[in-house]
Structure formats: C-alpha cells, structure tokens
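S.K.: here is the input, now give the coordinates:
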Amino acid sequence: MTDKLISGIDPASFSSVIKPSDDFFRYVNGPWIDTYILPADRARFGAFDKLAENAEKDVRDILEDEYSPAIKSAVLYRSFLNEDAIESAGLDPIRTDLETIDQSADKAALVRTLGSLNPDGGPDLIGFMVYPDPGAPQTNVTHVEQAGLGLPDEAYYREDRYEPVREAYVDMAANLLKLAGYAKTGAEADEQAARFLDVETRIAKYHWDVVATRDEEKTYNPTDFTELQSLLGDFDIASWAQAWQQAYDSSSTSALQPVDMNAVLRHTIVHEPSFLTGIGRFWSEAELDDLKLWARVHELIGWAGYLSHDFDKARFDFYGKVLSGTTQQRDRWKRAVSLVNGICGEDVGREYVRRHFPESSKRRMEALVNNLIRAYHASITASDWLGEETKGRALEKLSKFTPKIGYTNHWRDYGALNVSDDYSLVENLRNAFRYEGGYQLAKAGQPVDKDEWLMNPQTVNAYYEPTMNVIVFPAAILQPPFFNPEAEDAANYGGIGAVIGHEIGHGFDDQGSKYDGDGRLHDWWTAQDRENFENRTKALIEQYNGFVPKQLAERYADHPEQAPHVNGALTIGENIGDLGGVNIAIKAYALALGAENGTPEAVAEALDKAPTIDGFTGTQRFFLAYASVWRGKNRDELAEQYLQIDPHSPAEFRTNGIVRNVDLFYTAFGVTKDSGMWLDPESRVRIW
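M.R.: Predicted structure coming up:
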C-alpha cells in the first residue's frame, strides 16, 4: 500500500542542497534539470513531452499494425516514409503552383492565384477559421484573422534582439529560391531573399501584437461581406473567394463536403480590422514582383518539409536549428506520426483509446472533476470581493460547465478523405488539405456540434472552450505524473487536479470571465466587481513582469538589461488559471479527504488528518506533485521564443510564481521572511 500512496512524486529526485522554502521549483526539479541532456533532435523535454513520446510510440504501433482499423492514417504514414519517391520527385510536386504564381500577369490575376492555391494549402495573407460566434454561441461563424508572416510574431521584424534570427530567415529564403531555380548565384538569391524580408516587414507593421490579439472584446467585430470588401480595399476578396470556389469544386473527390464561399463570407467576425485595412493598403502600394516573390517563398516554405532532402533540410536549418535550437531533425517516423495526428487524428485516436484508456480511469477522473467543481462553488460563495449579484451569475456559469474526459463520443467520419498508396505524399496532402478545409468551412452558419472535440485523445494537453463552456481532458494526459488511478489523492490532486482547476479557471480568467454560462460574450459583472477583479489581475501582471527565466538570466549575464522578461499581460490568463487551479485543487483534495465544506477551517482540519508518508505531509505531497508536473528543460532559443509568443509562463514561474501566492504553501514548508520564496501577505494575489 505504501508504494501506491507515494506514487506521483519521487522524493529521491529532490535536491539535497536547495531548500523548498528558497526555490521550490529547483528543490523538486533542479537535480533533473542539471543532469538531463537534451537529445539533439529535441528543443525541449519534460513531463508533458514524456507522455507525448509514449503516445507517439503507441500511435506508431497502431499505424504499423496491418490489422489496425486506422487504414487512412496508415496510408498517410507510409506516404511520408516513402523517401525514395519523395527524393526522386524533387520540386516537381509543386512546380505547377510556382509557375501559376510566376505567370500571374497583374495583381488581379495574383489574387485569383492565391485563391486557387489556398484549398491545397497555398500561401495565406489572411486566415479564415470557423468556430462558434461569441455573440451567438449556438451557431458557427467564419473568423477572419491576420496572417502572411513566416516568423513567429510581428516583434521578430522590428526588435533588435531578433536581428540574428532575421538574418538566418533571409538565408533560408535564399537557399530555397536557389534550390528552386529562381537564382543562379548566391548573390542573386540573397538579393531576392532580402527583398522578401522587406515585403514581410511591411506586412508585419499592420499586425496586432500578442497582447491585443487575445482581447476577446477588441477582436469581436461582426462584419458583413460588403464591410469585409471595404476593409480589404484593393485586395479583391470577392475574386479570391470565386477562385477558391472554382478550385475546390474542381476536385476529383466528389465526396468532399459542399462549400459555398458566399455563405462562408456572408457574415464574419473580423479579429484585427486595422490589419485588413493595412493589407488593402499594402496590396495597393506594393510592386507586383514583390507580391509574387512573397507568394513564391511562402509556397516553398509551406511545402519544403514534404519535398526532397535539400528543401527539407533548408527549412529545418532555420525553423529547427535557429528558432528552436535543435541540431538534429526528429526521426522520420516521429514526424510521420505528427502528420497523421494533425490530419486524421481521430481515425487513429479511436484505436488508441481502445488500447490504452480504461473506463475505470474515466470514472476516477469524473470524481476528481466533481470535487474541483464543488471546491470552486465553495470559493465563489465565500469570496470577499465579489458582490452577491455577480456571485450568483458565476455560480450559474459553474453549474453549466460540461467536463469531457478521455475521448469524443462523436467520432469524425473520414470517408471523404481521399488518400492512397498510389498517390505521392504531396498528392495525399493536397487531398487532405481540401478535405479539412471543406470540413471546417462547411460549418459556417450551421449549428455548433457541442460533442466535437478540438483535440485528439492521444494529445497530451487539455483545454477550456468559452463559447461551449466545456473543459476537455484527452486520454493521453491522464497518465502519471498527472494522473494515476492507483495513486493516493495528494498526487492526483496536485497533478491532474491542478490541471482541472486550471481549465475551469479559464472560465473565470481575464478573458473567459467575459462569457456567461451559455458561452455568450457579454458583460455579466457589476462594475465594482470587475474593478475588484482587475485590481487583482494587475497585481499578478506586475509580479510576472519582473520574472526572467534563470537560463536566460545566465545567457545575458554580461548584459542583464537586455535579458527578456515574462510578459505579464500576455500570460495573465494562464497565470490566473494556474493560481486558481492550485488553490481550488488543494481545496478539492481536502474535500476528498472528508472535509465537510470548503471553508478554510474545514480544509485545514482535513489536510491535518492526511497521513505523513516518507516524511511528507499530505499538503506537502500535494505541492510536490504540482511542481513535479512542471519538470522540464528548454533550449535557450526556444525559451526566448516562448517568452515572445507563448501565453503560458515558463515552468519555473508556473511553480514558484504561483505557490508563493498560496498561504497553505507557507505553512507546509515553513516559509519565513528570510526565505527566497517569501512574498509579503499583502502582496499575495488571491482571486479564486
């Protein structure tokens, strides 16, 4: 029984020289971080990645099993592994696309070219996605978003720190252009590539930054087709849509979902209106040759990973080595699994669930979720900063949360996906892109399928969807160290319990709190309560703005003023989720231990009765389990990239930055004013 009780934490891996009261993250994870050597093909590795690696192997077994029912997944897998055919084809699979771009006689023709290439995965200046309308969440609508860039974010085009990245990006573009025969000399290729960067820099000027793009109210701009045309000015969206329609309808696969682009664009939600007006201006001012150059390079970048070795390597040398810091590309079978998961993940996922997710795990998770919701109910009810009116609406929203565990009950039908061993990889991918594009766009204007999942069961992740008010936990994350059906409660509540609490917390974070229990975007708070909430979130933003990851502080030791910080405004939603997740999960743990209710007194009494195992109390084991799930290591290049674009904080601050705001942590580990983890009580942020 003792082995089961300590499952989920590994005391032998904890530091013997760092005190938990001084640096909790490194007390739990420091020895592993200091000794683990990242493989050459990995930019990061940790608890999440280990589970993903396990799932990857499980999916490979399914794909290589001749009796597996995931037939279309296996076809795609084999197609990607057929290196001889890919190598012999060279550039031929996309040569016609490039010629179409090259032969566009004017800007009007180029608009039509972009529209015709789009169904097959061609270049995008504008992104179109279909999902629920925040103002009417029972109906799907087309969302129009900014696009057109090959670097991770608009900041990469303007900040001095990214100058080396821009230089490497130009090198990749030059290499691809030369390989494709657009330049006879290196100098000629360099000139074209530098001009390409200039074109993208002009596009980037119109992009909203990462903080603005996550604002649910600013990005909610219902727009009809006439307004959309007006916003885009000289970029003729009607001509683009007509060319898209003709290309899609000409597909040899009659089983494809019928799509009417007039209906798709009749009513849209424009996320960044000034970007669209900027694109209209850009399109008007740019030279035709520059626009064709942009399209040409993006066609090459988009397909390079599926072409012969030289193209594939040129792409990896930038996106893998420069941006992520890896020195070796992942094994081809692993990349093939990723491809399958991205295209027809539920096809192989259904078999994955049958083999690897027992019904008993689903039942245990349901009990955990129920206790987390009970704990949130107690916290909202006892809130000392929410008024009764807002409390009532928050509790109503909580009562409408729908947890989804393990896998969908509405598996996708892939009958219209036309893939074959007789087709080349690019042919299979073109058909796959058409299938997926048609599947998604056909939803526009249709009722929302609330049983549809946005993740595969073999995905190691979880999510909250505000327009549906659902929390979703795929099967692959429901494994140790997050969840172990044989483990004691402290390990599970500190692991998956905090994840559950985090996802529920997104319903009450700075953006999710703008949606009601039915998934509708509107302000259901009183003005005073919203002000109280924002005062607390501002304090958390300020805390995180001061954080610099240890590895980057060391990298910039000679120029500490240049060291990149966490962006508190970008990460605030996830930080609220983390903070609420821990506070609520430990309360749920107390409920599981028999606490009569969620009051601080009842919680403390229940926690005091938890057994001490291997010298750790139940409360300590809860926090140790929480820190253990954030065990991980990133290459410097990826760590810096994440600070710019990732709404999640670095793992060390998802641990230390959170627990230092939790009063129970102080009593559990004897944190005093002299301790490194100390934060004055009046500075601690308490939200949920």
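S.K.: the strands in the chain, which residues?
M.R.: Ranges of strands within the chain are 44-46, 126-133, 136-146, 222-224, 267-270, 402-406, 463-465, 470-474, 632-634, based on DSSP state E.
S.K.: need the residues that contact the last one.
M.R.: Outside strand 632-634, the residues that touch it by C-beta atoms under 8 Å, 6 or more residues apart in numbering are 29, 33, 36, 38, 43-49, 551, 642, 650-651. For the C-beta atoms, the positions are set from N, CA and C on the backbone; glycine is no exception.
S.K.: run the last query once more with 6 Å
M.R.: Ile33, Tyr36, Arg44, Phe45, Gly46, Ala651 (C-beta atoms under 6 Å, 6 or more residues apart in numbering).
S.K.: got it, and the fifth one?
M.R.: Applying C-beta under 6 Å, 6+ apart, the external contacts of strand 267-270 come out as Val141, Thr142, His143, Val144, Asn221, Pro222, Thr223, Leu228.
S.K.: quick check: the fourth one vs Glu53, distance?
M.R.: Same thing as Val144. 37 Å (C-beta to C-beta, to the nearest Å).
S.K.: between these two, who's got more neighbours?
M.R.: Val144 (24 against 14; other C-beta atoms under 10 Å).
S.K.: returning to that earlier point: can you put the contacts of strand 632-634 in CSV and add pLDDT, distance to Gly577 and neighbour count?
M.R.: What follows is the contacts of strand 632-634, written out as CSV (pLDDT from 0 to 100; distance: C-beta to C-beta, whole Å; neighbours: other C-beta atoms under 10 Å):
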residue, pLDDT, distance to Gly577, neighbour count
Ile33, 96, 24, 17
Tyr36, 96, 27, 14
Arg44, 96, 21, 18
Phe45, 96, 23, 19
Gly46, 95, 18, 19
Ala651, 97, 15, 24
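S.K.: relative to Tyr515, which of those is nearest.
M.R.: Ala651 (28.2 Å; C-beta to C-beta).
S.K.: the residue nearest to that closest one when sequence neighbours are not counted - how many residues pack around it?
M.R.: With sequence-adjacent residues excluded and distances taken as C-beta to C-beta, 6 or more residues apart in numbering, Ala651 is closest to Trp630, at 4.0 Å. The tally of other residues near Trp630 (other C-beta under 10 Å) stands at 23.
S.K.: could you number the chain from 230 rather than 1 from now on?
M.R.: Yes, from this point I'll number from 230; that puts the last item at Trp859.
S.K.: check what pLDDT Trp859 gets.
M.R.: Note for Trp859: predicted pLDDT of 96.
S.K.: would you check that my belief about it contacting Phe882 is correct?
M.R.: No: in this structure, Trp859 is not within contact of Phe882 by C-beta atoms under 6 Å, at 9.4 Å.
S.K.: about what we covered before: for PyMOL, write a command that selects the buried ones of the contacts of strand 496-499.
M.R.: Listed next is the PyMOL selection for buried residues among these, using 16 or more other C-beta atoms under 10 Å:
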select buried, resi 370+371+372+373+450+452+457
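S.K.: ok, the contacts of strand 496-499 vs Gly644, which is closest?
M.R.: Thr371 (24.5 Å).
S.K.: separation between the closest one and Ile508?
M.R.: 17 Å.
S.K.: cool, Ala817 as well?
M.R.: For Ala817, the distance to Ile508 - C-beta to C-beta - is 48 Å.
S.K.: and Lys743, by the same measure?
M.R.: From Lys743 to Ile508 the distance is 28 Å (C-beta to C-beta).
S.K.: who has more neighbours out of the two?
M.R.: Ile508 (24 against 20).
S.K.: need the contact list for that one.
M.R.: Leu354, Phe464.
S.K.: model confidence for it, exactly?
M.R.: On the pLDDT scale, Ile508 gets 97.
S.K.: next: the one 4 residues further on.
M.R.: Per-residue confidence at Trp512 stands at 98 (pLDDT).
S.K.: might one say that it is in contact with Leu461?
M.R.: No: judged on C-beta under 6 Å, Trp512 makes no contact with Leu461 at a distance of 8.0 Å.
S.K.: compare those two (neighbour count), which wins?
M.R.: Shown here are Trp512 and Leu461; by other C-beta under 10 Å, Leu461 has more neighbours (23 against 18).
S.K.: hmm, that one is touching Gly509, no?
M.R.: Yes: the criterion here is C-beta under 6 Å, and Leu461 meets it with Gly509 at 4.7 Å.
S.K.: which residue packs closest to Tyr773, ignoring adjacent ones?
M.R.: Using C-beta to C-beta, 6+ apart, the nearest residue to Tyr773 is Gly797, at 3.8 Å.
S.K.: tell me how far the one you found lies from Asn774.
M.R.: Gly797 is 4 Å from Asn774, by C-beta to C-beta.
S.K.: and Glu383, by the same measure?
M.R.: 20 Å.
S.K.: show me which of the two is the more surrounded one.
M.R.: Set Glu383 next to Asn774 and count neighbours by other C-beta under 10 Å: Glu383 wins out with 23 against 13.
S.K.: low-confidence ranges, the protein, go.
M.R.: 230-237, 481-483 (pLDDT under 70).
S.K.: got a list of what Gly259 touches?
M.R.: Here Gly259 is in contact with Ser244, Ile247 (C-beta under 6 Å, 6+ apart).
S.K.: now Phe776: phi and psi?
M.R.: phi -90, psi 140 (degrees, to the nearest 10).
S.K.: then Asn713?
M.R.: phi -140, psi 110.
S.K.: number of nearby residues for the residue nearest to Ser649 when sequence neighbours are not counted?
M.R.: Of all residues not flanking Ser649 in the chain, Val304 sits nearest, at 6.4 Å (C-beta to C-beta, 6+ apart). Using other C-beta under 10 Å, Val304 is surrounded by 20 other residues.
S.K.: for Ser297, see how far away Val304 is.
M.R.: 11 Å.
S.K.: how close does Thr610 sit to Val648?
M.R.: 53 Å.
S.K.: so between these two, which is more surrounded?
M.R.: Neighbours per residue (other C-beta under 10 Å) separate Thr610 from Val648, with Val648 holding more: 24 against 15.
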